[in-house]
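Engineer: got a predicted structure plus its sequence, pasted below:
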Amino acid sequence: MKRVTELQERIAGIVSNWESQGMRRPGRGTLQGITGASEWHVRQALADMDITNTDAEPEFQVEPLPNADLPLDELIARKKDEFARGKKLADALQEVTVFVNVDGPIAISHFGDPHIDDPGCDLALLEHHMTIVRDTPGMFAGNVGDSQNNWAPRLCHLFAKQETTKHDARRLVEWLLRGFGLKWLYVIGGNHDAWSGENDPLEWIMSQDRADQGHFRYHGVRIKLRFPNGKDVYISARHDFKGSSISNNAHGPMRAAKKLHDHIFTCGHRHCSGYGIVKSPGGMVSHCIRVPAYKTIDEYAQQGGYDDETISPCVTTIIDPDLPDGHPDQIDTYQGPARAAYVLTQLRNQHSKRKAAA
């Protein structure tokens with residue numbers, strides 16, 4: 001501990017140095033006599049000289065607490081590792097590979113927004129379509145998002161207009177995605193699903209460690225289907241694609257097809273039907289689909305005066321992996337699963353006969 005006399009001598013030197021520079025005299029060279037603004041100047045000068053105690057011995061001292069922060073070098077290393085892991089996942093999500101272990105043609109039924117807890121959801125039609133897909137060999141399913149209403153805080157008052165509670169809505173979503181036995185190739189989390197934040201049941205339902213469970217991703221995913229014969233078919237599925245047109249409901253996915261050149265583009269969100277075909281300069285034929293919702297009674301649409309543009313909330317694509325890109329029969333699109341199931345069964349029977357005869 002520095003003695004007071006030593007401090008007084010050093011302060012006197014500081015004062016003399018300030019005077020020689022034409023600075024305002026801070027006060028007398030004793031600690032006891034320094035007050036006000038002058039005291040602040042002197043104490044600042046003492047701090048610069050590493051003199052931290054200018055008074056008598058304190059009557060108590062607080063034991064310093066340990067620092068809970070990571071050392072800076074460890075923090076920097078952790079941030080680098082965090083980015084590396086995130087970059088690895090981001091790169092992998094550019095193209096998620098799904099190995100199809102079914103030989104021959106398959107079908108994918110792209111289910112429109114279920115809104116399964118809404119009183120306007122046609123649950124009987126949804127269950128009918130699901131039954132066809134589940135019971136037809138070679139048929140798979142895709143979900144373009146908004147499995148539930150899941151009203152956000154500013155829309156929570158809309159729960160008063162439905163009998164299904166939030167708890168029962170979760171049960172219905174789990175039945176839809178796991179309990180019914182559909183083979184989901186992909187499940188998209190729509191804007192209604194994302195309103196749950198960290199409590200979205202879709203994340204838990206789709207996070208089970210099963211190799212035969214489809215890929216879940218908020219907003220969208222790009223999938224590469226790898227068939228047993230080595231053929232790759234690409235699907236871009238999103239809740240919605242950027243871009244809209246009053247004269248073409250499929251404008252968003254068709255706009256995306258001009259840049260990405262995948263085989264199938266599918267989305268929902270707008271509760272209307274849309275379909276278009278785009279052929280790229282390289283010869284790729286892209287089928288661009290907007291699937292409407294199973295929520296067919298919609299007060300919001302009635303209030304806005306929107307036209308009924310629903311054809312079928314379950315558009316089905318049949319893929320023949322034995323045909324090359326650009327062939328007009330490589331992918332067929334049906335507005336509903338029933339006829340598609342019949343055609344798929346005939347195609348698969350023909351494929352089996354060809355293999356048996358070979």
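Structural biologist: Perfect, thanks for sending it. Numbering: from 1, shown residues only.
Engineer: which residues touch Ile132?
Structural biologist: 109, 139, 337-338, 341 (CB atoms under 8 Å, 6 or more residues apart in numbering). No exception for glycine: its C-beta is placed from N, CA and C like everyone else's.
Engineer: show me where the protein has its helices.
Structural biologist: 4-20, 36-48, 72-92, 123-135, 166-174, 191-194, 201-205, 251-260, 299-304, 337-357 (DSSP state H).
Engineer: compare those helices and say which comes out lowest on pLDDT.
Structural biologist: Least confidently modelled of the helices of the chain is helix 36-48, at a mean of 58 by mean pLDDT.
Engineer: check the gap between the residue nearest to Lys242 when sequence neighbours are not counted and Phe216 for me.
Structural biologist: Spatial nearest neighbour of Lys242, excluding adjacent residues (CB to CB, 6 or more residues apart in numbering): Gly252 at 6.1 Å. With distances taken as CB to CB, to the nearest Å, Gly252 is found 22 Å from Phe216.
Engineer: these two: which is more packed in?
Structural biologist: Set Gly252 next to Phe216 and count neighbours by other CB atoms under 10 Å: Gly252 wins out with 23 against 20.
Engineer: show the contacting residues for that one.
Structural biologist: 240-244, 267, 290.
Engineer: same question, Ser273
Structural biologist: Taking CB under 8 Å, 6+ apart as the test, what Ser273 contacts is 249, 290-292, 309-312, 315, 335.
Engineer: could you tell me the end-to-end distance of stretch 266-281?
Structural biologist: Using CA to CA, to the nearest Å, the end-to-end distance of stretch 266-281 comes to 21 Å.
Engineer: what residues sit buried inside that stretch?
Structural biologist: For stretch 266-281, the neighbour count (16 or more other CB atoms under 10 Å) marks 266-276, 278, 280 as buried.
Engineer: re earlier: any of the contacts of Ile132 buried? List them.
Structural biologist: Here, 16+ other CB under 10 Å leaves 109, 139, 337, 341 buried among the contacts of Ile132.
Engineer: I'd like these as JSON lines, with distance to Val133 appended.
Structural biologist: Shown next, in JSON lines, are these (distance: CB to CB, whole Å):
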{"residue": "Ser109", "distance to Val133": "5"}
{"residue": "Met139", "distance to Val133": "5"}
{"residue": "Pro337", "distance to Val133": "6"}
{"residue": "Ala341", "distance to Val133": "8"}
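Engineer: residue nearest the middle of the chain, spatially speaking?
Structural biologist: Nearest residue to the geometric centre of the chain (CA atoms, centre = their mean): Tyr218, 2.9 Å.
Engineer: surely that residue and Gly189 touch.
Structural biologist: Yes. At 3.9 Å, Tyr218 counts as touching Gly189 under the criterion of CB atoms under 8 Å.
Engineer: mind listing which of the contacts of Gly252 are in strands?
Structural biologist: Within the contacts of Gly252, residues falling in strands by DSSP state E are 267, 290.
Engineer: spatially, which two of the contacts of Gly252 are the most separated?
Structural biologist: Lys242 and Arg290 (13.0 Å; CB to CB).
Engineer: more crowded one of the two?
Structural biologist: Arg290 (30 against 10).
Engineer: now do the contacts for the more buried one.
Structural biologist: 249-250, 252-253, 266-268, 270, 272-275.
Engineer: 6 Å instead, please
Structural biologist: 249-250, 267, 274 (CB atoms under 6 Å, 6 or more residues apart in numbering).
Engineer: turn these into TSV, including pLDDT and distance to Thr97.
Structural biologist: Formatted as TSV, these follow (pLDDT from 0 to 100; distance: CB to CB, whole Å):
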residue	pLDDT	distance to Thr97
Asn249	94	30
Ala250	94	27
Cys267	95	21
Gly274	96	28
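Engineer: out of those, list just those in strands.
Structural biologist: Residues of these located in strands (DSSP E): 267, 274.
Engineer: now the strands for the stretch 101-250 of the chain?
Structural biologist: 106-111, 139-143, 184-189, 215-218, 220-226, 232-238 (DSSP state E, counting those that start in this stretch).
Engineer: just give me the lowest mean pLDDT stretch among these.
Structural biologist: strand 215-218 (a mean of 81).
Engineer: show me what that one is packed against.
Structural biologist: strand 184-189 (3 or more CB pairs under 6 Å, 6 or more residues apart in numbering; DSSP states H and E).
Engineer: tally of neighbours for Leu126?
Structural biologist: 20.
Engineer: so what are the domain limits for the protein?
Structural biologist: 4-48, 92-357 (automatic domain parsing).
Engineer: would you turn those into JSON lines with distance to Leu72?
Structural biologist: Shown next, in JSON lines, are these (distance: least, CB to CB, whole Å):
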{"stretch": "domain 4-48", "distance to Leu72": "24"}
{"stretch": "domain 92-357", "distance to Leu72": "30"}
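Engineer: just those: most buried one?
Structural biologist: Comparing those by mean neighbour count (mean count of other CB atoms under 10 Å), domain 92-357 ranks first with a mean of 18.
Engineer: now do the end-to-end distance for it.
Structural biologist: Start-to-end, domain 92-357 (CA to CA) is 40 Å.
Engineer: so how far is that domain off the chain centroid?
Structural biologist: 16 Å (CA atoms, centre = their mean, to the nearest Å).
Engineer: about what we covered before: between the buried ones among the contacts of Ile132, which is nearest Phe60?
Structural biologist: Ser109 (75.5 Å).
Engineer: please report the distance of that closest one from Ser147.
Structural biologist: 15 Å.
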